[in-house]
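> Have a look at this fold, sequence not included:
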């Protein structure tokens, strides 16, 4: 696996979401500006998202994931982490 191939799987932090988005963007050979334009979000937003900013707007995150052809799947696990 090369450095631009995303390691898909369980995500537990905003930083991991950002890493996945960056890896997919790079795998597709696109710049941040190109992806921001294609996904109709700002360059700054995409940069902050890729850098794991914890307060990014969920709707925009989902828009970028969808635009890049990535899915979020929510599955139950045993027990609660309260």
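Perfect, I can see it now. Predicted model, so just to flag it, every value in this text is computed and none were measured. Numbering: from 1, shown residues only.

> where exactly do the helices run in the chain?
14-27, 32-39, 43-50, 58-67 (DSSP state H).

> Buried residues in the second one, which are they?
Residues 32, 35-36, 39 are the ones in helix 32-39 that count as buried (16 or more other C-beta atoms under 10 Å). Any C-beta I mention is one placed from the backbone N, CA and C, and that applies to glycine too.

> Repeat that for the longest one.
Of the residues in helix 14-27, those buried under the neighbour-count criterion (16+ other C-beta under 10 Å) are 14, 17-26.

> neighbouring contacts of that helix?
4-8, 11, 31-32, 35, 46, 49-54, 56, 61, 64-65, 68-70 (C-beta atoms under 8 Å, 6 or more residues apart in numbering).

> Can you check which of the helices of the chain gets nearest to residue 78?
helix 14-27 (21.4 Å; C-beta to C-beta).

> of the buried residues of helix 14-27, closest to residue 77?
When the buried residues of helix 14-27 are ranked by distance to residue 77 (C-beta to C-beta), residue 17 comes first, at 18.0 Å.

> where does the closest one sit relative to residue 52, distance-wise?
7 Å (C-beta to C-beta, to the nearest Å).
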